[in-house]
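S.K.: sequence and predicted structure, then a few things I'm wondering about:
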Amino acid sequence: MHKIIVFISLVLFSFPILATDGNALIVNIKNAIKYMESPSNYGSTSNFVDSVHLIGKVKGVLSTVKFSKAALNSSLFCPPDMIDVTQSLRVILKFAEDTPGMLHFSEDDLIIIALSKAWPCANNV
């Protein structure tokens, strides 16, 4: 489990300049979902960069969890097999909007917490 946490931390904290809190996360998720639903109709460049960065971060978390479950038989959470990034973003958005007392947490922390709460592992895999 320690190796998983270290690995995920390295992946998530590789862009510390772009680190944001939960308030910015809500805005970025809404922009990312808007982008994924209609990429040709998307607005500003800065929103695009933030959206693509967030999409990549969530994909990275999902891939890392899938890998750790397969290779190490250990995982922080257990998403459904056919989960996509848009659904994951919606889960994170709902969590962030439903827990305003946690919006001071970093974007990275909120992503992990939201997905862990949504998809806990049945047998602590």
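M.R.: That came through, no problem. Numbers count the residues shown, from 1 in each chain.

S.K.: and the strand or helix carrying Phe67, what does it pack onto?
M.R.: With secondary structure defined by DSSP states H and E, Phe67 is part of helix 45-72. Secondary-structure packing of helix 45-72 (3 or more C-beta pairs under 8 Å, 6 or more residues apart in numbering; DSSP states H and E): helix 2-12, helix 22-37, helix 85-98, helix 107-118. In short, each C-beta sits where N, CA and C put it, glycine included.

S.K.: deepest of those helices, which one?
M.R.: The highest mean neighbour count among the helices and strands packed on helix 45-72, using mean count of other C-beta atoms under 10 Å, belongs to helix 107-118: a mean of 20.

S.K.: not counting its own residues, what contacts it?
M.R.: 8, 12-13, 19-22, 24-25, 28, 54, 57-58, 61, 65, 76-77, 79, 88, 91-92, 94-96, 102-103, 105 (C-beta atoms under 8 Å, 6 or more residues apart in numbering).

S.K.: ok so, going back, ok, which of the helices and strands packed on helix 45-72 comes nearest Asn47?
M.R.: Across the helices and strands packed on helix 45-72, Asn47 has its closest neighbour in helix 22-37 (4.7 Å, C-beta to C-beta).

S.K.: which residues does the closest one contact?
M.R.: Outside of helix 22-37, the residues within contact range by C-beta under 8 Å, 6+ apart are 20, 42, 47-48, 50-52, 54-55, 85-86, 89-90, 92-93, 96-97, 102-105, 107, 110-111.

S.K.: now stretch 105-118: average pLDDT?
M.R.: Stretch 105-118 shows a mean pLDDT of 95 in the predicted model.

S.K.: any regions of this protein where pLDDT drops low?
M.R.: Across the chain, the stretches falling below the confidence threshold (pLDDT under 70) are 1-19, 41-44, 46, 123-125.

S.K.: still on that earlier bit, and the angle from the helix holding Phe67 to helix 22-37?
M.R.: Going by axes from the mean of the first three to the mean of the last three C-alpha atoms, to 10 degrees, helix 45-72 is angled at 90 degrees with respect to helix 22-37.
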